[in-house]
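Engineer: give me a model of this one.
(3 chains)
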Amino acid sequence: MLLAPIVWVLTVVICYFFIAKTWWFPPPINAHGAAYDAQFMRTLIVVGIIFFLAQFALGWVILKFRDDGGRAQHSHGNNKLETLWTSATAILFLGLVVMGTQIWAAVHFDEAPPDSIQIEVMAKQFVFNFRYPGADGKFGHTELRLINDANGDPFGMDPKDPAGKDDIISPSLKIPVGKSIKLIMHSRDVIHNFFVPELRMKQDIVPGMEIPLHFQADKIGVYEVPCSELCGLGHFQMHTTMQVMSEADFEQWKVTQLANR
Amino acid sequence: MASPSTHTAHHAPEGFIRKWVFSLDHKVIGIQYYFLGLFSVFLGMSLSLLMRFHMVNPNVVVKWFAVLWPAAAAGGVMTPELYLSLMTMHGTIMVFFVLTTVPQSGFGNYFLPIQIGAEDMAFPVLNMMSFWTTFLALAVMVAAFFVEGGAPLSGWTAYPPLSGAGPLTGPGEGMGQNLWILSIAIFCGASLMGAINFIATTVDLRCKGMSLMRMPLTCWTWLVTAILALLGFAVLLAAGVLLLLDRTVGTSFFLPGGLFINDHIIANHKGGSPLLWQHLFWFFGHPEVYIAILPGMGVTSQLLSTFSRKPVFGYKAMVYAILSIGFLGFLVWGHHMFMSGMNPYSAMAFSILTMCIGVPSAIKTFNWIGTLWGGKIHFDTAMLFALGFVSLFVTGGVSGIFLGQPALDLYFHDTYFVVGHFHMIMGVAAIFGMFAGTFYWFPKMFGKMMNETLGKIHFYCTFIGVYCIFTPMHYVGLMGNPRRYSDFSNVLYLAKAMPLHVFMTYAAFFTAAVQIIFMVNLFWSMWKGPKAPMNPWNATTLEWTVPSPPPFDNFAGVHPVVYRGAYEYSVPGAPADFIMQTDPSIVPSSGH
Amino acid sequence: MGMAASLTHDVYQGPPPPVDPGWGGGGDDSEGRGADRRATFTGLFVGLAACTMVFAALTSAFVVRRGLTDMNEWVSIHKPPILFWNTGILLLSSLLLDLSRRALKAGARTRFNLWWSAATVLGILFLAGQAYAWYQLRQVGMFISTTPASSFFYVFTAAHAAHILGGVAALVYVDVQALRLQLGPAKRTWIDVTAIFWHFLDGLWLYLMVLFYVWG
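Structural biologist: Just a heads-up that it's a prediction; the model follows:
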């Protein structure tokens, strides 16, 4: 019956593009990303085998058991088989989750290392902004009524607070390579999301909540950060970059930014 | 013989209004729901074609856009807000007015009473009210297109503050969002009415001999779906009311303090939690997707058995699988919220439960293949759609194994990988369940046969077409393609995804065009199709013991008695390769 | 190759089902109404499950909201004392409904009418009392958006009152049917269902009172 070869061809084509990695993740830039990719591959192999076998079996029964005028086998089932494939499925699926726990734990159960560089993220319709605390390591006080987007201050910095004098505001994220970064994420209007494909990490930014996210990037380069939670008509344009630079370049950048304030 | 003493009239109603408009007959109501769903699916599909067109041609001028939307497409170019409102309405209309109505309220209304040997639903007046309430909900929803600001743009998930803070967050977030919430609330009421009817009918109106374990699997899926709807829509109703209050009277259930939207300080809200909305919504939203798929699974089991002339493989296991899916369906809602900022430990709990729910789904798939194994398969169009359902359910289901792990969701959340996953399951497998039900039950509903040639052409083109539309979504998802973007040109790494998007758009237009074949087949056959016999498929369940279409009270005053289960096919020693449920002849049967 | 039978030879069908005297195998008409009665009760309990879920959702929203606020920052809602009177009225109305049902079973139609109508009046009085409670709240400046506690108070009481309104409509319907002397067996089921629904709303109200006074 025509359906069998169609199912088989579709299955082979689908599997091919996964195996050939024709459209694929960008290469990871940290250990978390490598661990992520390993877990993805484990899942892909399990899922791929199940997918292939199930579609193959479907095509097989379609071909082999076409009506030829005889009587079908009268069978109500097979409890042994039932138990077997139920247990196998349960073990496989739960096993995958257990194997992935380590990755999730490293991102969300563990606190950021104490020497992490803290950077505040302010998401708003439709721009990301980042604030660095400067040499004093303290973020200056902010207030809503002091917000002045036109003048490059989306945070609403309080000019009377000395801790804010050395704060740096940047529309893109600049970080040094190989150092632990802790983002402290805020939104001032609706839910947004910070996503860097190469980091294999994303996090919703929710107004009314202060959400931490820690990571480390081990490869110098510029990486795109597209907003990944529907935030309004400009959602498709809400986009920034994460630039990973050498430590020296990063220090230089901070000096330049402070000088230009 | 004693006349049935239920509250349905002894005589069929007279007059056009009583017969076809405010009918109390579950069969008419089922067909009304079916056509409401048919209208909705074409509306929803048109919206998706507009979306797909815009995604690959974001700046092109289309003159009639300006005619349809003078404000939102001035100059003939679709604005991002128009795109998002089309997207919101596409999702809403498809999920509520197609996937929740046709399989359950359409086919279920028509065939549940007949399959269990009842005269009508338990509460025919409530049934009639539930249809017209649904109709009202659809009217209110469509009205959102026509108010100032247009339809809302917050997606079918309507997360606050985007949906909760009023017109400041974007166009369509004024009256459009209010009408959307109102429509959903009305729909909740309609659903609750329907659920009460389904449950009471199944529990109390089964005819003599129709024990629960002799019911066709379709009846089991309609029962569990009704329970899911009962408990789920109640929560959505509460959530919708709270959101409407936040928007209109200044409460702060979901809105936190410190909001600065569109150059305005929002001083009158504080202390609310956007995550609370997500919890309430998804507590409904996850059972909702099982509401969308379970009846299709029931139809598939029914058809695979009928058309391979074999009993369902593991009927009891199938029943337990349906019950587990229903039960577990209430415990996994957090897997929609892994990235939301909720407690990461609860994320792990939800993940484990999500993997657990994969197990009964897998059981059903294995049992479907087990049903086909050793059978004598007839490839009528209805059967082709049931086989297609199995293939699509496998494809759509397995991508869930990636998404159910929070570790992997760290990349896949809000990408096209998710969009591909849920479209495969809901947008295709569930739709194939509806097509299968249509081809299978059309003879009974309309007394005519549908055209097999047109049916097969439609099937093959649609089957290949949907694979072409939705499989590439997984690939662009792998590339990190975010969802709900009206235009990808702002993200440089998506340039390589564009050829796939173009391919998907062509596939979408092709597949949509092919549906014309189905519509021609449907309507032509209603008028001019060959007359249908009582039991064209040689099937065993009760609807095939009554004329096509059935008389007003289904069994013409006779009360059926059932002697066996629903899947007595190819019983050794029987004179034919099927034994009707109502057949009392003693044949050595290994059934219940 | 399809399976649709042609018009020239008929499909195999089983022997016609035997004539059955009544649904479920019973012998007389009441069995049919028996199925009706059973189904109506199932419908009632299923409907009550849905009601419960609505209030469970509102309760969980309340618990979350409460949990987001520090203990000493939560402004408890001012509860007008009339709430206790309203509670008493509602409980009394339930008692009267029960008395009236017993009277009906004993065949005392007049007593049934009396107690049932009295319960209906009390139900309407409860709604009036709730409206007055709202009025009193507004007098002290407690509107729906004033504090989270007040928001929940209004939402809970409004949701409850909406159900009471439906209950009152059902009570009035029975009253009218009783006056018209049209209380046949089918209406008996409706009387029982209405009474149980009313008792449920009572219980729900007691739960809400506990919520307001202990948590609100």
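
Engineer: find out how far stretch C:147-154 is from the centre of the chain, if you would.
Structural biologist: Counting by CA atoms, centre = their mean, to the nearest Å, stretch C:147-154 is centred 24 Å from the centre of its parent chain.

Engineer: that stretch near chain B at all?
Structural biologist: Yes: contact of stretch C:147-154 with chain B is found when judged by CB under 8 Å from any CB of the partner chain, involving C:148, C:151. For the C-beta atoms, the positions are set from N, CA and C on the backbone; glycine is no exception.

Engineer: select the helix or strand of chain A having the lowest average pLDDT value.
Structural biologist: The helix or strand with the lowest mean pLDDT-type score in chain A, counting by mean pLDDT, DSSP states H and E, is helix A:79-104 (a mean of 92).

Engineer: for the next helix or strand after it, enumerate the helices and strands it packs against.
Structural biologist: On the C-terminal side of helix A:79-104, the closest following helix or strand by DSSP states H and E is strand A:117-124. For strand A:117-124, the elements it packs on are strand A:127-132, strand A:173-176, strand A:180-187, strand A:192-196, judged by 3 or more CB pairs under 8 Å, 6 or more residues apart in numbering or on different chains; DSSP states H and E.

Engineer: the last one vs strand A:180-187, what angle?
Structural biologist: Interaxial angle, strand A:192-196 versus strand A:180-187 (axes from the mean of the first three to the mean of the last three CA atoms, to 10 degrees): 150 degrees.

Engineer: excluding chain neighbours, give the residue nearest to residue B:112 in space.
Structural biologist: The shortest distance from residue B:112 to any residue other than its chain neighbours is 5.3 Å, reached at residue B:222 (CB to CB, 6 or more residues apart in numbering or on different chains).

Engineer: buried residues in the strand or helix carrying that neighbour?
Structural biologist: Here residue B:222 is covered by helix B:217-248, with elements defined by DSSP H and E. Under the neighbour-count criterion of 16 or more other CB atoms under 10 Å in any protein chain shown, helix B:217-248 has B:217-247 buried.

Engineer: that one - what's its average pLDDT?
Structural biologist: For helix B:217-248, the mean per-residue pLDDT is 98.

Engineer: what are the pairing partners of the next helix or strand after it, and which direction each?
Structural biologist: As assigned by DSSP H and E, the chain's next helix or strand after helix B:217-248 is strand B:259-261. Using DSSP bridges, the strands paired with strand B:259-261 in its sheet are strand B:264-266 (antiparallel).

Engineer: which strands and helices lie in contact with whatever helix or strand comes next after the strand it pairs with?
Structural biologist: Using DSSP H and E, the helix or strand that follows strand B:264-266 in sequence is helix B:274-308. In this structure, helix B:274-308 packs against helix B:217-248, helix B:315-328, helix B:344-372, helix B:381-403, helix B:431-446, helix C:29-68, with contacts taken as 3+ CB pairs under 8 Å, 6+ apart.

Engineer: chain center to helix B:274-308, what's the gap?
Structural biologist: For helix B:274-308, the distance between its averaged C-alpha position and the chain's averaged C-alpha position is 7 Å (CA atoms, centre = their mean).

Engineer: residues near residue A:122, how many?
Structural biologist: Residue A:122 is surrounded by 22 other residues when neighbours are defined as other CB atoms under 10 Å in any protein chain shown.

Engineer: quick check on residue A:243: phi, psi?
Structural biologist: Backbone dihedrals for residue A:243, given as degrees, to the nearest 10, come out at phi -100, psi 120.

Engineer: beta partners for it?
Structural biologist: With DSSP bridges as the criterion, residue A:243 is bridged to residue A:174, residue A:222.

Engineer: these two touch, right, it and residue A:170?
Structural biologist: No: contact status for residue A:243 versus residue A:170: not in contact, 9.7 Å apart, counting by CB atoms under 8 Å.

Engineer: who are the contact partners of the residue nearest to residue B:112?
Structural biologist: B:104, B:108, B:112, B:198, B:202, B:295, B:298 (CB atoms under 8 Å, 6 or more residues apart in numbering or on different chains).

Engineer: from residue B:313, how far out is the closest residue to the last one other than its chain neighbours?
Structural biologist: Looking back up the chat, that one is residue B:298. Residue nearest to residue B:298 in three dimensions, not counting chain neighbours: residue B:221, with 3.2 Å by CB to CB, 6+ apart. With the distance defined as CB to CB, to the nearest Å, residue B:221 ends up 17 Å from residue B:313.

Engineer: residue B:462 too?
Structural biologist: 27 Å.

Engineer: between these two, which one's more packed in?
Structural biologist: With neighbours defined as other CB under 10 Å, residue B:462 and residue B:313 compare such that residue B:313 has more, 27 against 23.

Engineer: distance of that one from residue A:1?
Structural biologist: From residue B:313 to residue A:1 the distance is 20 Å (CB to CB).

Engineer: give the buried residues for stretch A:71-79.
Structural biologist: Along stretch A:71-79, these residues count as buried under the neighbour rule (16+ other CB under 10 Å): A:72, A:73, A:74, A:75, A:76, A:77.

Engineer: same check on stretch B:308-321?
Structural biologist: Within stretch B:308-321, the residues that qualify as buried are B:308, B:309, B:310, B:311, B:312, B:313, B:314, B:315, B:317, B:318, B:319, B:321, counting by 16+ other CB under 10 Å.

Engineer: what parts of the stretch 151-261 of chain A come near chain B?
Structural biologist: Listed as neighbours of chain B in the stretch 151-261 of chain A under the rule CB under 8 Å from any CB: A:156, A:188-191, A:193, A:195, A:197, A:200-204, A:206-209, A:211, A:224, A:226-237, A:239.

Engineer: so what's the residue count around the residue lying closest to residue A:199 once chain neighbours are set aside?
Structural biologist: In space, residue A:199 comes closest to residue A:215 once its chain neighbours are excluded; the distance is 5.7 Å by CB to CB, 6+ apart. By the criterion of other CB under 10 Å, residue A:215 has 23 neighbours.

Engineer: and the angle for the host helix or strand of residue A:215 with strand A:117-124?
Structural biologist: Using DSSP H and E, residue A:215 maps to strand A:211-216. Going by the same axes, to 10 degrees, strand A:211-216 is angled at 130 degrees with respect to strand A:117-124.

Engineer: got the contact list for strand A:211-216?
Structural biologist: Residues outside strand A:211-216 that contact it (CB under 8 Å, 6+ apart) are A:30-32, A:107, A:111-113, A:116, A:178-186, A:194, A:199, A:201, A:203-205, B:341.

Engineer: would you list the phi and psi of the residue in chain B positioned nearest to chain A?
Structural biologist: Proximity of chain B to chain A (CB to the nearest CB) peaks at residue B:256, 2.4 Å away. Dihedral pair for residue B:256: phi -80, psi 170, per degrees, to the nearest 10.

Engineer: what's the local residue count around it?
Structural biologist: Neighbourhood size, residue B:256 [other CB under 10 Å]: 22.

Engineer: distance of it from residue C:216?
Structural biologist: Separation of residue B:256 from residue C:216 (CB to CB) stands at 21 Å.

Engineer: which parts of the stretch 1-150 of chain A sit against chain C?
Structural biologist: Contact residues of the stretch 1-150 of chain A with respect to chain C, defined by CB under 8 Å from any CB, are listed as residue A:67.

Engineer: the same query, at a cut-off of 10 Å, please.
Structural biologist: Within the stretch 1-150 of chain A, the positions near chain C by CB under 10 Å from any CB of the partner chain are A:66, A:67, A:69.
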